[in-house]
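> got a sequence here, can you build the structure:
(one chain, ligands or ions: 1)
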Amino acid sequence: MSLDWIKYRNDFPMLNRTMHGKPLIYLDTAATAQKPLVVIDAIHDFYQNHYGTVHRAVYELALQSSQRYQQTREKVQRFLHAAKPEEIIFTRGTTESINLVAYSFGKAFVQPGDEILISAMEHHSNIVPWQLLCEDRQAILKVIPMNHQGEILLEEYKKLLNSRTKLVAIAHVSNSLGTLNPIKEMTQMAHQVNARVLIDGAQSAPHMKIDVQDLDSDFFVFSGHKLYGPTGIGILYGKGDLLEQMPPYQGGGDMIETVTFSKTSYNVPPLKFEAGTPMIAEVIGLGASIDYIESISLECIQGWEHELVKHATARLQEIEGLRIIGTASDKGSLISFVVKGVHALDIGTLLDLRGIAIRTGHHCAQPVMNFFGVPATARASFAFYNTKEEVDQFAQALQEVIQLLI
Ligand SMILES: Cc1ncc(COP(=O)(O)O)c(C=O)c1O
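Residues are numbered from 1 along each chain as shown. Just a heads-up that it's a prediction; the model follows:
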């Protein structure tokens with residue numbers, strides 16, 4: 001590990017603590033990322049020195065709050081390379097962003113008999129909202145199959161696309177397999193039948209540079225807490241023309257233009273989709289996390305994480321009885337695995353006693369577990385703050401706990 005990465009690692013106070021008397025080795029960034037001090041300080045400073053509401057008052061505190069809130073919108077716009085800040089909507093997270101699109105896009109554009117496509121490797125957050133929509137609109141949900149490497153079958157996808165396809169919703173990177181999907185190509189294919197595309201970027205935005213215009217995404221969503229920012233804040237990017245045609249998701253303050261008891265007219269996007277007092281401090285915290293990530297550069301982050309995953313894959317492949325679930329040729333920053341004769345939960349519990357935090361279970365992707373015929377997997381996920389030494393300690397500890405369990 002080069003000196004620079006150690007410097008960045010030291011920005012994360014949590015990574016200096018111990019767990020069960022051992023130095024914490026945090027390998028669950030795919031679930032949620034640890035926070036650098038600059039993010040913690042930005043939130044603390046905002047509450048302590050600058051706290052005020054947004055949009056609603058003429059006094060200086062509120063004006064400054066509103067300005068910082070809007071500046072973060074512009075930061076996110078640059079981060080995603082969106083065409084304009086009005087295309088950035090603040091939500092509570094990836095889950096809420098997808099629900100918003102399913103509800104509002106569904107209401108505006110989905111008719112009985114229309115089809116929505118998702119892939120076989122989606123997180124429940126990118127399955128259930130579409131099921132709810134399809135039930136509501138008598139539309140049909142279809143699933144793009146994958147192979148046993150965990151790669152989408154593009155030929156099958158092509159066959160599923162037709163003039164009834166209204167929207168394709170796919171993960172950029174699968175949280176349960178690590179697969180990096182060819183979303184640019186899939187988007188082009190969808191656009192050929194005039195279908196819209198939602199990219200679930202929960203596992204990609206924190207790890208690689210995103211350019212929504214180059215991808216030509218109609219919607220792109222991610223969560224702040226996986227991007228080293230606070231919980232309770234997420235992003236929905238939507239193309240301006242689409243957002244204008246979509247009805248509001250929730251009613252309340254700020255999303256209106258005028259209200260009378262007989263009729264309400266709505267604000268323009270993004271405010272049309274941001275009802276009520278928003279997550280002001282969380283937005284400020286997200287802004288700090290984006291500044292921080294950009295000060296390192298996502299290209300460098302992706303390069304280092306790629307090395308970590310390559311190293312970890314090689315170390316895990318040395319372990320007898322261990323099978324990696326998800327062996328696509330392009331992968332993000334995580335590895336799922338099972339070990340013959342050992343339950344993933346037991347592995348996770350014994351690793352925890354050694355100070356190592358990994359995720360075990362179905363990873364909110366039960367259809368993926370069913371496809372691979374396993375009840376659960378163990379998952380190690382990496383961030384730029386992890387080291388090769390940690391990977392080695394993890395592999396060593398894993399060998400030891402497997403010996404204890406079989
Ligand atoms: C691919 C993917 N989609 C959606 C989500 C849901 O994100 P959140 O719980 O932050 O809304 C996650 C979270 O793990 C994820 O990994």
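> spit out the contact partners of the closest residue to Gly341 other than its chain neighbours.
Nearest non-adjacent residue to Gly341, counting by Cβ to Cβ, 6 or more residues apart in numbering: Ile406, 5.2 Å away. C-beta here means a position set from N, CA and C on the backbone, and glycine is covered the same way. By Cβ atoms under 8 Å, 6 or more residues apart in numbering, the residues touching Ile406 are Gly321, Gly341, Val342.
> ChimeraX command to pick out the buried ones of these?
Command for ChimeraX that selects the buried part of the contacts of Ile406, burial taken from 16 or more other Cβ atoms under 10 Å:
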select :342
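> quick check, nearest of the contacts of Ile406 to the ligand?
The ligand lies nearest to Val342 out of those, by Cβ to the nearest ligand atom, at 24.2 Å.
> verify the stated contact: that closest one with Gln399.
No: in this structure, Val342 is not within contact of Gln399 by Cβ atoms under 8 Å, at 11.9 Å.
> wait, Leu316 touches Thr327, no?
No: using Cβ under 8 Å, Leu316 is not in contact with Thr327; the gap is 11.5 Å.
> who's more crowded, those two?
The neighbour comparison of Leu316 against Thr327 (other Cβ atoms under 10 Å) goes to Leu316, with 21 against 18.
> any idea how far the more buried one is from Leu27?
Distance, Leu316 to Leu27, by Cβ to Cβ, to the nearest Å: 12 Å.
> over to Val58?
Here the criterion is Cβ to Cβ. By it, Val58 lies 49 Å from Leu27.
> give me the more crowded residue out of the two.
Between Val58 and Leu27, counted using other Cβ under 10 Å, the more crowded position is Leu27 (26 against 6).
> the residue lying closest to that one once chain neighbours are set aside in helix, strand or coil?
Nearest non-adjacent residue to Leu27, counting by Cβ to Cβ, 6+ apart: Ala380, 4.3 Å away. Using DSSP: H, G, I helix; E, B strand; the rest coil, the structure places Ala380 in strand.
> partner residues bridging Ala380?
Taking DSSP bridges, one obtains Ile335 as the residues bridged to Ala380.
> what ranges of this protein fall below the confidence cut-off?
Residue ranges of the chain with pLDDT under 70: 1-3.
> which parts of the stretch 301-406 of the chain are helices?
Assigned by DSSP state H, counting those that start in this stretch, the helices in the stretch 301-406 of the chain fall at 344-353, 366-372, 388-405.
> what about the closest residue to the ligand within the stretch 251-400 of the chain, how many neighbours?
When scored by Cβ to the nearest ligand atom, the stretch 251-400 of the chain has Cys364 as its residue closest to the ligand, at 6.2 Å. Neighbour count for Cys364, taken as other Cβ under 10 Å: 17.
> ok, how many other residues are close to the residue nearest to it when sequence neighbours are not counted?
Distance criterion Cβ to Cβ, 6+ apart; nearest residue to Cys364, sequence neighbours excluded, is His124 at 4.4 Å. For His124, the neighbour count with other Cβ under 10 Å is 15.
> shared neighbours, Leu316 and Thr327?
With contacts defined as Cβ under 8 Å, 6+ apart, no residue is shared by Leu316 and Thr327.
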